[in-house]
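1. Coordinates for the following, if possible.
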Amino acid sequence: MGTTAEDPWRMMISLETLKANISIQPNLMIVATRFIAVCESIGPAIITSTKFMKNCTDTNGPTFNFRSITVGLIIAAVIPLEVGCAVNSAISQNKAEQPGIVSSGIDGGKSERDTSTPPNTVAGKAHDSTAKGSQTDSSIRLVRGESQQHESSALRPIQAKLENISLNPVDEEPALNGMITLQELETLALENNPTISELAASTQKAAGYRNQVLTRPNPVVGYQGQQLADRGTDQHLAFIEREFVTGDKLELNQRVLNATLCAQLQELEAQRYRVTTDIRTRFYQALAIQKQIDLITEFSTVAEKGLKFAELRKEAGEGSQVDVLQSQILKSEVHLAKRQANAKLAAIWREISALAGVSDLPFARLDGTLPTKTDIVDWDGLAASLVASSPEYSAAQDRISRAHAALQRQQVQPIPNIAVLLGAGVDYGTNSGMLNLQVGVPLPVSNKNLGNIEAAQAEICRAQMEAQRIQNSIEARLAIVSKEYDTAVAAIETYSSDILPSASSSMKLADQAYQAGEVAFLQVLSTRKTFFDSNLQYINAQSQFAIAQAKIDGFVLTGALDTVRDDSGDASLRDLTFSQQ
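-> Got it, this is the predicted structure:
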């Protein structure tokens with residue numbers, strides 16, 4: 001038909017033109033692009049096939065028809081498959097790229113995110129706050145997504161706790177605009193803080209070890225031949241060997257690892273409190289500085305007007321250079337305070353970004369309030385309540401239970417397992433069948449596992465002392481918080497009921513007295529500076545009170561980025577079960 005080997009390249013040129021000028025829907029554009037790529041990749045093959053068919057035409061006409069049809073069918077099959085794969089991958093990719101967080105814009109400075117119930121508070125809330133912890137609801141997952149966790153019926157009591165564990169990816173960075181609340185920052189931190197995922201992985205390790213130590217031994221099957229060189233008297237035997245575990249060793253193994261898993265779950269819960277407490281303390285610090293900056297900005301206007309007024313009075317011969325200099329000093333002090341406050345706010349925001357696990361978190365104005373109402377706390381009763389409810393102390397109690405279970409496990413170790421071998425075969429010397437049975441047990445004569453029993457007893461003592469240390473640590477940390485709480489309460493009550501009203505009245509009276517010519521301009525500046533400083537100190541007291549309350553609500557647990565405890569155990573107890581030597 002006049003087709004030459006160069007025609008496919010002409011087709012490629014037209015496809016390039018199509019690729020440069022086509023304007024269609026996104027999915028169809030992907031398909032078209034993939035189709036063009038496939039055509040480009042098979043272009044040389046088309047040329048080679050065309051040359052080959054042309055040569056065949058010159059030598060053998062019928063062969064050309066058969067091979068042309070074959071090559072055409074191959075090309076027709078490859079292109080739809082390639083394009084179909086592109087369609088499926090494009091659709092899958094579009095579905096995977098749907099955002100998991102739907103922003104509602106800047107409507108009241110809040111955005112919608114999936115959150116759940118906050119951590120339980122121990123003391124009563126002393127103030128209204130938007131601070132609520134959040135926990136993810138996704139179940140525990142392996143690093144390899146295709147793997148699954150298999151739980152036996154004996155492992156169900158704490159399956160509900162395992163379902164609250166999540167290994168969340170930390171690659172996504174949400175775009176934050178406008179204002180951000182404490183609850184939203186807590187959600188970010190619980191989803192992205194690396195220590196949460198690290199402890200979730202450690203907890204999953206403990207669950208895997210717990211499943212492994214319960215598994216029974218595999219049977220051994222084999223063949224045995226005797227007198228094979230003596231034809232006619234040879235013997236052939238097939239056998240199966242199995243070790244039967246005694247003393248409930250495997251069940252006791254599981255009890256030990258089950259206590260280990262419970263301890264790791266409590267450590268994970270404690271780490272969540274550490275993260276939320278650190279986020280809350282930084283939030284209230286930043287919120288206080290933010291309010292101080294607003295106050296400084298407002299007072300800077302007053303300082304500017306005071307300086308201009310002092311200069312006008314000097315030009316009119318009513319004031320002096322001292323008034324101007326004092327006004328200039330006040331203005332400079334206000335400007336310096338604002339610069340320092342901005343630097344502190346930027347540093348705290350970077351710290352919040354690190355705690356939340358989101359690098360370069362875009363700055364947003366904090367949406368929240370500082371407390372104005374205070375309560376009296378029974379510190380002795382609160383200390384007992386904190387110790388009893390603290391996940392840190394609960395983890396120590398679980399480790400004591402593990403030590404007791406380990407002692408019981410070591411005490412049954414000397415009980416020998418039973419090894420049974422059963423074989424069946426034929427004896428050609430007697431032309432009859434054979435049946436063999438062997439039963440054996442190791443005798444605990446030399447090794448009675450006394451060393452491991454003594455070590456397990458010592459571990460119980462160590463675990464109990466560790467629990468006592470944690471209790472004392474909680475009480476000591478609470479004592480420090482009580483000092484911060486009580487001093488903040490005293491400051492808030494004094495400033496709100498006495499100092500601030502007096503400072504406001506003094507400033508108004510000084511203005512009236514100055515207008516009447518009864519006081520100097522410097523006294524007016526002094527009263528304004530006193531009112532300004534009193535408001536700053538009041539905000540500091542509110543921040544200190546909110547931080548102390550946050551620490552109490554978080555079981556005085558801090559250190560969101562400190563090294564976490566990996567006490568997930570191992571599967572060595574199973575090896576000990578089947579090596580009684």
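2. Could you chop the chain up by domain?
-> Here the domain parsing of the chain from automatic domain parsing is 7-96, 153-577.
3. any idea of the mean pLDDT in the longest helix seen in the chain?
-> Assignment by DSSP state H gives helix 249-315 as the longest helix of the chain. The average pLDDT for helix 249-315 rounds to 95.
4. Would you tell me what the next helix or strand after it is?
-> Downstream of helix 249-315, the next assigned helix or strand under DSSP states H and E is helix 321-356.
5. elements contacting that following helix?
-> helix 182-192, helix 249-315, helix 521-553 (3 or more Cβ pairs under 8 Å, 6 or more residues apart in numbering; DSSP states H and E). Where you see a C-beta, it was placed from the backbone N, CA and C, and this is true even at glycine.
6. could you dump these to CSV with distance to residue 370?
-> Formatted as CSV, the helices and strands packed on helix 321-356 follow (distance: least, Cβ to Cβ, whole Å):
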stretch, distance to residue 370
helix 182-192, 12
helix 249-315, 6
helix 521-553, 4
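7. Out of these, flag the one nearest residue 576.
-> Checking the helices and strands packed on helix 321-356 against residue 576 by Cβ to Cβ gives helix 249-315 as the closest, at 8.4 Å.
8. Look at residue 559 and say how many residues are nearby.
-> 13 (other Cβ atoms under 10 Å).
9. so how far is residue 365 from the residue nearest to residue 345 when sequence neighbours are not counted?
-> Counting by Cβ to Cβ, 6 or more residues apart in numbering, residue 289 is the residue found nearest to residue 345 once chain neighbours are left out, at 4.6 Å. Using Cβ to Cβ, to the nearest Å, we find residue 289 at a distance of 12 Å from residue 365.
10. Give me the more crowded residue out of the two.
-> Shown here are residue 289 and residue 365; by other Cβ under 10 Å, residue 289 has more neighbours (25 against 11).
11. contacting residues for that one?
-> Residue 289 sits next to 341, 344, 345, 348 when contact means Cβ atoms under 8 Å, 6 or more residues apart in numbering.
12. For residue 539, state which of those is nearest.
-> Proximity of the contacts of residue 289 to residue 539 (Cβ to Cβ) peaks at residue 341, which lies at 10.7 Å.
13. The closest one: neighbour count?
-> Residue 341, neighbours per other Cβ under 10 Å, totals 21.
14. per-residue confidence for it?
-> On the pLDDT scale, residue 341 gets 96.
15. TSV for the contacts of residue 289, including distance to residue 545?
-> Below are these laid out as TSV (distance: Cβ to Cβ, whole Å):
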residue	distance to residue 545
341	20
344	19
345	20
348	18
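16. Derive a PyMOL selection command for the buried subset of the residues you listed.
-> Buried residues among the contacts of residue 289 (16 or more other Cβ atoms under 10 Å), as a PyMOL selection:
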select buried, resi 341+344+345+348
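17. and the domains of the chain, which one is worst for confidence?
-> Ranked by mean pLDDT, these bottom out at domain 7-96, with a mean of 44.
18. For residue 243, see how far away residue 443 is.
-> 16 Å.
19. Comparing those two, which residue is more hemmed in?
-> Per other Cβ under 10 Å, whichever of residue 443 and residue 243 has more neighbours is residue 243, with 18 against 10.
20. Could you give the bridge partners of the more buried one?
-> residue 419 (DSSP bridges).
21. still on that earlier bit, tell me which of the domains of the chain is the most buried.
-> Comparing the domains of the chain by mean neighbour count (mean count of other Cβ atoms under 10 Å), domain 153-577 comes out on top with a mean of 17.
22. Out of the helices and strands packed on helix 321-356, the one nearest residue 490 is which?
-> helix 521-553 (8.4 Å).
23. Can you name every helix or strand that whatever helix or strand comes next after that closest one contacts?
-> Using DSSP H and E, the helix or strand that follows helix 521-553 in sequence is helix 572-577. Based on contacts counted as 3+ Cβ pairs under 8 Å, 6+ apart, the elements that helix 572-577 packs against are helix 249-315.
24. From residue 202, how far off is residue 261?
-> From residue 261 to residue 202 the distance is 10 Å (Cβ to Cβ).
25. ugh, typo on my part, it should be residue 263
-> From residue 263 to residue 202 the distance is 10 Å (Cβ to Cβ).
26. what do the two both touch?
-> residue 567.
27. Now do the phi/psi pair for residue 216.
-> phi -90, psi 160 (degrees, to the nearest 10).
28. Surely it touches residue 251?
-> No. Using Cβ atoms under 8 Å, residue 216 is not in contact with residue 251, being 11.2 Å away.
29. What are the neighbouring residues in contact with the nearest residue to residue 269 once chain neighbours are set aside?
-> In space, and not counting its chain neighbours, residue 269 is closest to residue 391: 4.1 Å by Cβ to Cβ, 6+ apart. Residue 391 sits next to 266, 267, 269, 270, 273, 555 when contact means Cβ under 8 Å, 6+ apart.
30. I'd like the residues you listed laid out as TSV, including distance to residue 476.
-> Formatted as TSV, these follow (distance: Cβ to Cβ, whole Å):
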residue	distance to residue 476
266	20
267	20
269	21
270	17
273	17
555	13
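31. list the contacts for residue 300?
-> Residue 300 neighbours (Cβ under 8 Å, 6+ apart): 331, 334, 335, 338.
32. Residue 485 now?
-> 377, 545, 548, 549, 552.
33. one more time with 7 Å
-> 377, 545, 548 (Cβ atoms under 7 Å, 6 or more residues apart in numbering).
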